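Asker: what would the 3D arrangement of this be:
(2 chains)
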Protein chains: 2
Amino acid sequence: MPDLNYVFCPRSVAVVGASNKEGSVGRSLIENLKAFGGPVYPVNPKDDTVAGLPAYSSLSAIGQPLDLVVIAIPAAAVPSVLAEGGELGVKGAVVISAGFKETGRADLEDELKEICRRYDIALIGPNCLGIINPALSLNASFAAASPAAGRVAFVSQSGAICTAVIDSAKELGLGFSKFMSVGNKAATDELDILSYLAADKDTDIIAVYAEQIGRPEELMAQARALSAAGKPVIVLKSGRSSAGASASASHTGALAGNDAAYEALFRQAGIIRADKTEDLFDYARIFSCNRPAPAKRVAIITNAGGPGVIAIDALEKEGLQPAKLSAASEAALSAALPPAANVHNPIDVLGDARADRYFAALETALSDEGVDAAILILTPQSTTEIKATAEAAINAKNKYGKPLAAVFMGEELVRDASREMNAGGLAAYSFPEDAIRSLSVLNSFHESLSAPAWQAMPRFEDVDREAVAAIFASAKAKGQTAFPEASALAVLRAYRLPVLASKIAHSAEEAAGLAEEIGGKIVMKIVSPDILHKSDAGGIMLGVKPEEASLKYEELVSRVAANRPEAKIEGVLMVEMIEDAGTEMILGSVKDPGLGNLIMVGLGGIFVELFQDVAFGLNPLSRSDIERMLSSLKAKKLLDGARGRAKADYDALLDAIGRLAQLLRDFPEISELDINPLLVLEEGKGAKALDARILLS
Amino acid sequence: MPDLNYVFCPRSVAVVGASNKEGSVGRSLIENLKAFGGPVYPVNPKDDTVAGLPAYSSLSAIGQPLDLVVIAIPAAAVPSVLAEGGELGVKGAVVISAGFKETGRADLEDELKEICRRYDIALIGPNCLGIINPALSLNASFAAASPAAGRVAFVSQSGAICTAVIDSAKELGLGFSKFMSVGNKAATDELDILSYLAADKDTDIIAVYAEQIGRPEELMAQARALSAAGKPVIVLKSGRSSAGASASASHTGALAGNDAAYEALFRQAGIIRADKTEDLFDYARIFSCNRPAPAKRVAIITNAGGPGVIAIDALEKEGLQPAKLSAASEAALSAALPPAANVHNPIDVLGDARADRYFAALETALSDEGVDAAILILTPQSTTEIKATAEAAINAKNKYGKPLAAVFMGEELVRDASREMNAGGLAAYSFPEDAIRSLSVLNSFHESLSAPAWQAMPRFEDVDREAVAAIFASAKAKGQTAFPEASALAVLRAYRLPVLASKIAHSAEEAAGLAEEIGGKIVMKIVSPDILHKSDAGGIMLGVKPEEASLKYEELVSRVAANRPEAKIEGVLMVEMIEDAGTEMILGSVKDPGLGNLIMVGLGGIFVELFQDVAFGLNPLSRSDIERMLSSLKAKKLLDGARGRAKADYDALLDAIGRLAQLLRDFPEISELDINPLLVLEEGKGAKALDARILLS
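Answerer: Residues are numbered from 1 along each chain as shown, chains lettered A, B, ... in the order given. Model (predicted):
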């Protein structure tokens, strides 16, 4: 694997396509690179100097060791320059140039990949804005400005989003460890970058804008490792809707993913999903300003009742709680605040509160053991000390170290104070709702740190993989892609998924034997290619006991023969009869082109469509992934025995999902699969698949 | 009704409590009022002048006609000053002072109300920031600044929210027709203000922050009238959550409403609900900058692919559509834009687009008949002409008049341009999602304008009000508040709600007669105070035909007598037997302390709790209100005949809800009511209430 350190921490940089032309990309690149501490070599065949630096006619002409080459020349010329660099020992490259896969020239992009492989070059791009390492004053991009150094790594599939982030960063107090526009991701994708950032001591937080993501299994593993190490990964993924997906395809040449699959991916990977653009900024800031810590029980400190009520509403909505202040805290507040103040949470320091009153309230709240975190709300009233309150808040945060966010409501009067707080490590928001949603994300991340380590479901060793392989091979030989029910059930049986026992008897004697074998009561159904509606033809008998089976066989056959003399009777299907009504669930899978088999579980029967009470997961699944899928279902209460029902066999359902997941992993040719219904019986009695459908690709 | 024009458009203003003390409320009031065109009289018993104006020792000492008195003195002294004003012919008052109902002095507040009634004074407050009419330079508040004039009326139960709005207004380009902090709403509540604003020619948009709202029926009517007249009413209501409600109570002394009731109120009133604080600003701005117009089919014009994809996602999420551009438009775009540009929606004018290219794309998009509205997205790239693009966008909007919103992403580079657009009547947002949500609200409001006029369900004249009154009177006489099932069903029957026919037979002969009367098959159930589980005692017979009823009566009674010789048998309940499984629905009502009877309909049976598939409405209901309740249910599909079921008797269900609503209106003493299940049969076969429960207050 090429080393991205050559890209982000090079000792020297060459720019091919460096230009003196005002407003050109090649000029911007050189101007941005001038601040870099190491040597910078413009390559320009025509000019002697570029932006005041001596220029070279080619990479070879430089004659010095080169770590990183930045390339901004027409696409067709890029491969030869990259290869030239490779020959010279270049190990890092950023290709700014567009005109590759995104415009139909996948061939050119493949050439780049091949060259990188050959020379072990780490490549960012092509078709990107470039990369920035602020701590080294390395700005190898054509962005109009450089962001400050900090602990956030920003990774974007869109260069334009990068420019917007840079323009917002100062106001928001965001600083970056690494900043990159990844473009077409020819040789370096999000997974490579996450792996690099995992080892990067300067990075605490990873924020990503992506339109499509590949290598889901490795990505989930890497993201989980990052989270477990206390580095949150926040992703804004666009192309969610079907309409958005097509726009994404036309833009990046990428196949956009199905959103349910991405939801599952992010959840299983422990990735924090930004639902909208603003969330990406909001979440990055709360993690920038606060180490992961509990933030469940929140104190609200406000100089106005209205925003306090709004904040309490938001806490409930986001799954946090208004902290219950101790009697000692309330007494301290009573002593420190005027009589009209509210010393219960939300703490109302009143409209005429100056900075000292805010500070006193913050001190009391943040030192209360029942308070995990606090929100400070300020509205600009006539005697409000905006700047001094901001400073008091920064001091209180530094003193107590608990998560704190500020909400200074307004614009003109409060903007400078908000900027000062952001710069001082105290995340400031414009509205209580945004601050509280961010705090909730911080709290959830902290909670996830104490979850047990992820572990894939162990393989079931009792499956008969060869049997399934044979069924599929035979289907393929016949050119079949869809299976009759019986074959689909045979596939399930081979993986020991619970299937209703059923066999065809061709004689009364055989019926008796099969009934004995199946055990319990039997449903007998006539088998005839000429009879569509079995019950209309009198072709079904319920509740047949094994000892009656022989007699009933004769009775059934002669009854059908009488009713439908023209029908060819092939035998009688002997089916295990289930007397427990059970809970009808559905298990299924559909293949996402980028992310693999998307596994579904939900309430079956007529309610599948009506309530769409389903949950999704991606392979590989852990036991707790499956448990989380099931817990997210409203039908979980039915399984748990709501309304006086018997508790359902939860373990059998969990086991069935695990076996299904393994089947899908073992046979990637399965493109769709439905088990509907899967009847989940009473606890201890298992489950039974009544019907199944499998499609092969 | 006192005339609020004396408050908002006075010819003269006196300030009782005017003060020279720096930083005092009385000083701020006078400073703010200095700009007013009419005479301003400070009243201060000690000083000769206040802030340079001649001061008077009392209202009476002024000796000039007075329209408005602003009062900022200790609460206890307010009533006598207000009465003094009343004697002098004052018709408008703003009481800034706190210390009334919110601190337990409801008596003082009642005094104010009484004085206002006596002298016909329009009163705002007490316990408020004051009021502002920017067009008259009338700032009768102690806010730190004055907002600009414009078309938005802002009404706030929180003074602090007012200060935040004023501080944000300039940046956001928001101007106000009337601006008010309503405080305790002693004599003037939201309804009074809406009524006043309905006739106010300067007001196009009404934005409200409220913690509790009263007089729901009149308020709904007034809000509907405003909407129908093209004036949107936008409300941010806090105290949504149970926790928030208690904070609200402690803050304002108001009883906070149940949120389901408020949701119903807003929906039925056509009020646009701001889900979070930012929405209030966002929605006010889209209506400020655009007359109500269709905005369903939206063109996205962007200089970057990523934000374009995000925008397309947001359109789908908000129920809007990416506009399909005409072939002519796409040809025009191809001619105007570079070859690499995307001429399909989202239109990508490319990263190097200058203002002219944006303008060309806007012209094409806005003149396309398939485009209702557009979103212009700009990311600050190296050659982007930020200011010129803003101006081009304002021009394009003025030229074509279609709804347009701008998203200039970033902070430092784009802020001035965003401010300029806001000031120029083009709403600018920081993120695509916010712009598109606002556009969606504009579109919905426009769609609502073409809805037929609201009309209450006509009264059902075939009800027997006296019968119900008698049942309730008898219950009250006995001190009963909960009813036995039979009485509850009798109440429903009196309002001709469909109830399963059932009567008690005391002899075989009577059984035969009742069976004849009920018709069809009968379920017979033993009636005995000693038998809890009728079926265990053999006390139920199903499917009895009328001609068998006499015989079966004897059989049932002797069977139960044999099984339970000790039980006293009172007779046999003869119940109509329903063979159609139907759809089990639930109808119910619970009383909201502030908003009246909240009427509920939903899927009944075991799924009530599991899926909570229910909808709420408030009296009075129109037919379309009920239809909207039903349409919002997932169970609607079941009623419509999903999955091969017969279509249910929708009209019978609708009729039942209407009759229930009338029952609740006629008898306000009903505090809770449940009809569960209401079996809705096949179309044309009606519905049947199987069980009911009524609680009186």
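Asker: need the contact list for the residue lying closest to A:G543 once chain neighbours are set aside.
Answerer: Counting by Cβ to Cβ, 6 or more residues apart in numbering or on different chains, A:K521 is the residue found nearest to A:G543 once chain neighbours are left out, at 4.9 Å. All C-beta atoms are positioned from the backbone trio N, CA, C, and that covers glycine. Contacts for A:K521 (Cβ atoms under 8 Å, 6 or more residues apart in numbering or on different chains) come out as A:542-545, A:577, A:579.
Asker: likewise for A:L129?
Answerer: A:L129 touches A:96, A:141-143, A:159, A:162-163, A:181, A:183, counting by Cβ under 8 Å, 6+ apart.
Asker: okay, these in JSON lines with pLDDT, secondary structure and neighbour count next?
Answerer: What follows is those, written out as JSON lines (pLDDT from 0 to 100; DSSP: H, G, I helix; E, B strand; the rest coil; neighbours: other Cβ atoms under 10 Å in any protein chain shown):
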{"residue": "A:I96", "pLDDT": "97", "secondary structure": "coil", "neighbour count": "29"}
{"residue": "A:S141", "pLDDT": "96", "secondary structure": "strand", "neighbour count": "27"}
{"residue": "A:F142", "pLDDT": "93", "secondary structure": "coil", "neighbour count": "26"}
{"residue": "A:A143", "pLDDT": "91", "secondary structure": "coil", "neighbour count": "25"}
{"residue": "A:G159", "pLDDT": "93", "secondary structure": "helix", "neighbour count": "27"}
{"residue": "A:C162", "pLDDT": "95", "secondary structure": "helix", "neighbour count": "30"}
{"residue": "A:T163", "pLDDT": "94", "secondary structure": "helix", "neighbour count": "29"}
{"residue": "A:S181", "pLDDT": "97", "secondary structure": "strand", "neighbour count": "28"}
{"residue": "A:G183", "pLDDT": "95", "secondary structure": "coil", "neighbour count": "28"}
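Asker: who's in contact with A:A388?
Answerer: So A:A388 contacts A:354-355 (Cβ under 8 Å, 6+ apart).
Asker: repeat the analysis, applying 10 Å as the threshold.
Answerer: Applying Cβ atoms under 10 Å, 6 or more residues apart in numbering or on different chains, we find A:A388 in contact with A:354-356, A:358-359, A:417.
Asker: and it, what element?
Answerer: Per DSSP states H and E: A:A388 is located in helix A:386-400.
Asker: what does A:G410 give?
Answerer: Assigned by DSSP H and E, A:G410 falls within no helix or strand.
Asker: that one touches B:A164, doesn't it?
Answerer: Yes: if you go by Cβ atoms under 10 Å, A:G410 and B:A164 touch, sitting 4.6 Å apart.
Asker: where does chain A have its least confident helix or strand?
Answerer: Scoring the helices and strands of chain A by mean pLDDT, DSSP states H and E places helix A:242-252 at the bottom, with a mean of 35.
Asker: any shared contact partners between A:G410 and B:A164?
Answerer: Common neighbours of A:G410 and B:A164 (Cβ under 10 Å, 6+ apart) are A:378-380, A:430.
Asker: got the contact list for the residue nearest in space to the middle of chain A?
Answerer: For chain A, A:F266 is the residue whose C-alpha lies nearest the centre (Cα atoms, centre = their mean; 1.5 Å). Residues near A:F266 by Cβ under 10 Å, 6+ apart: A:213, A:220, A:223, A:233-235, A:237, A:272-273, A:618.
Asker: phi, psi of it?
Answerer: The phi and psi values for A:F266, taken as degrees, to the nearest 10, are phi -70, psi -40.
Asker: state the pLDDT value of the nearest residue to A:A490 once chain neighbours are set aside.
Answerer: Nearest residue to A:A490, sequence neighbours excluded (Cβ to Cβ, 6+ apart): A:I471, at 6.2 Å. With respect to pLDDT, A:I471 scores 93.
Asker: contact partners for A:I471?
Answerer: A:483, A:487-488, A:490-491, A:494, A:667, A:694.
Asker: host element of it?
Answerer: Per DSSP H and E, A:I471 falls inside helix A:465-478.
Asker: tilt between the next helix or strand after that helix and helix A:465-478?
Answerer: Per DSSP H and E, helix A:465-478 leads on to helix A:485-494 as the next helix or strand towards the C-terminus. Interaxial angle, helix A:485-494 versus helix A:465-478 (axes from the mean of the first three to the mean of the last three Cα atoms, to 10 degrees): 150 degrees.
Asker: ok, the following helix or strand past helix A:485-494: who's next to it in the sheet?
Answerer: Moving toward the C-terminus from helix A:485-494, the first helix or strand encountered (DSSP H and E) is strand A:502-505. The strands that strand A:502-505 pairs with in its sheet are strand A:571-576 (antiparallel) (by DSSP bridges).
Asker: how distant is the following helix or strand past the partner strand from the center of its chain?
Answerer: Counting by DSSP H and E, the next helix or strand C-terminal to strand A:571-576 is strand A:583-592. The chain centre lies 20 Å from the centre of strand A:583-592; the measure is Cα atoms, centre = their mean, to the nearest Å.
Asker: now the angle from strand A:583-592 to helix A:485-494?
Answerer: 90 degrees.
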